[in-house]
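> Got a sequence here, can you build the structure:
(2 chains)
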Amino acid sequence: GEDVEQSLFLSVREGDSSVINCTYTDSSSTYLYWYKQEPGAGLQLLTYIFSNMDMKQDQRLTVLLNKKDKHLSLRIADTQTGDSAIYFCAESISGSARQLTFGSGTQLTVLP
Amino acid sequence: GAGVSQSPSNKVTEKGKDVELRCDPISGHTALYWYRQSLGQGLEFLIYFQGNSAPDKSGLPSDRFSAERTGGSVSTLTIQRTQQEDSAVYLCASSPLQAGSNSPLHFGNGTRLTVT
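Reported below is the predicted structural model:
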């Protein structure tokens, strides 16, 4: 079955880089997503990567995909206090009419 | 509206009562999802509506949970005879296309349900 795992907590100092990791089990994943959830809000799509890509960069965000190890990471450069939130990794499978499978989320805390 | 709207934002109910949670998706979005987010846990899929197709109800945890989507737009999630373990944030999301087609989900802010 599908399973997506993340570590629960990460703390970094303001200005440092943050790296949030995710592993998934389904090798037929087509798209992998990173969502951000701020307190009291729903999830907001940050970025996504197609499974035939290794890397995607979007301003301060860099997504790395190791398909062999089924490992996905999100790097946030120059982390700011406004980046403090829960970050969810999610996968979807081509042809699946169903939902995304989400990880449990990583709580990122940015310390001044 | 500009985004997915959910109401109420907070609901406190007594154990055993029924509750209805409402979701108003983005206009024109054919796909609608309900998820449950319990404290410290990820998102648990509940139900998925896609256009006029039969909904995927495979994530509903018990027969106390039901949902409908009228006219392909607004959806209502109903929980009957609520239990304390039903306490969670219920998130609704909509999408113009089905999952797997790189059509991202747009989430509402959720309804925080507390069963006392």
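
> For chain B, which residue occupies the most central location?
For chain B, residue B:34 is the residue whose C-alpha lies nearest the centre (Cα atoms, centre = their mean; 2.9 Å).

> who's in contact with that residue?
Residues near residue B:34 by Cβ atoms under 8 Å, 6 or more residues apart in numbering or on different chains: B:23, B:46, B:47, B:48, B:67, B:75, B:77, B:90, B:91, B:92. Every C-beta, even on glycine, is put in place using the N, C-alpha and C of the backbone.

> so what's the last one closest to, chain neighbours aside?
With Cβ to Cβ, 6 or more residues apart in numbering or on different chains as the criterion, residue B:92 has its nearest non-adjacent residue at 3.4 Å, and that residue is residue B:23.

> what about that neighbour, neighbour count?
Residues near residue B:23, counting by other Cβ atoms under 10 Å in any protein chain shown, number 27.

> and the gap between it and residue A:111?
36 Å (Cβ to Cβ, to the nearest Å).

> Next, count neighbours for residue B:29.
18.

> er, residue B:19 actually
18.

> Ramachandran coordinates for it?
phi -130, psi 150 (degrees, to the nearest 10).

> what do you get for residue B:105?
Dihedral angles (degrees, to the nearest 10) for residue B:105: phi -80, psi 140.

> what about it, neighbour count?
When neighbours are defined as other Cβ under 10 Å, residue B:105 has 27 of them.

> how about the nearest residue to residue A:12, chain neighbours excluded?
residue A:18 is the one closest to residue A:12 (Cβ to Cβ, 6+ apart), at 4.8 Å.
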